[in-house]
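Undergrad: Generate a structure from the sequence data that follows.
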Amino acid sequence: QVQLVESGGELVQAGGSLRLSCAASGRTFSRYNMGWFRQAPGKEREFVAVIARDGDNTYYTQSVKGRFTISRDNAKNTVYLQMNSLKPEDTAVYYCAASRYYTTTSDDYDYWGQGTQVTVSS
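TA: A predicted model of the protein is given here:
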């Protein structure tokens, strides 16, 4: 069992930056690939980024490439999402999730956090 707790979401102006954190409980964090997803009001949840167990591989959805960076610290059981050059369309609840697979598909994720709100004002 893995419990995930996100933090770092807040209101920020367009062009600004935020770093989201996701702290995991348990001693098995390094066994999981970790993903970030987001859900905007009235929209379906969408994939944002994924990082492999060892941190050597990452993948991003096209709309955030070059602006967002996913990273992890297995010693701290934490995954991060550094978000730069934020746009109003990045406004959403951001979720971290853990999967046995290196995947962009939300159904393949076994554990989810409760989410953190990111609001980008224009």
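
Undergrad: Centroid-nearest residue for this structure?
TA: Trp36 (2.5 Å; CA atoms, centre = their mean).

Undergrad: Run a quick neighbour tally on the closest residue to it other than its chain neighbours.
TA: Nearest residue to Trp36, sequence neighbours excluded (CB to CB, 6 or more residues apart in numbering): Val48, at 4.3 Å. Bear in mind the C-beta positions are built from the backbone N, C-alpha and C, glycine included. Residues near Val48, counting by other CB atoms under 10 Å, number 24.

Undergrad: Only the C-alpha atoms, please, for whichever strand or helix holds Val48, written as PDB.
TA: Val48 is part of strand 46-51, with elements assigned from DSSP states H and E. Extracted in PDB, the C-alpha atoms of strand 46-51 (Å, rounded to 0.1, in the frame of the first residue of the first chain):
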ATOM      1  CA  GLU A  46      -5.400  14.200 -18.300                       C
ATOM      2  CA  PHE A  47      -1.900  12.900 -18.200                       C
ATOM      3  CA  VAL A  48       0.900  15.400 -17.600                       C
ATOM      4  CA  ALA A  49       4.200  13.600 -16.900                       C
ATOM      5  CA  VAL A  50       5.700  10.300 -15.800                       C
ATOM      6  CA  ILE A  51       9.000   9.300 -14.300                       C
END
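
Undergrad: any idea of the mean pLDDT in stretch 91-98?
TA: Across stretch 91-98, pLDDT averages out at 98.

Undergrad: who touches it?
TA: Outside stretch 91-98, the residues that touch it by CB atoms under 8 Å, 6 or more residues apart in numbering are 2, 4, 6, 9, 20, 22, 24, 29, 32-40, 43, 45, 48, 79, 81, 106, 109-120.

Undergrad: Report the separation between Cys22 and Gly113.
TA: Noted for Cys22: a distance of 6 Å to Gly113, by CB to CB, to the nearest Å.

Undergrad: Identify the contacts common to those two.
TA: Joint contacts of Cys22 and Gly113 (CB under 8 Å, 6+ apart) are 4-6, 96.
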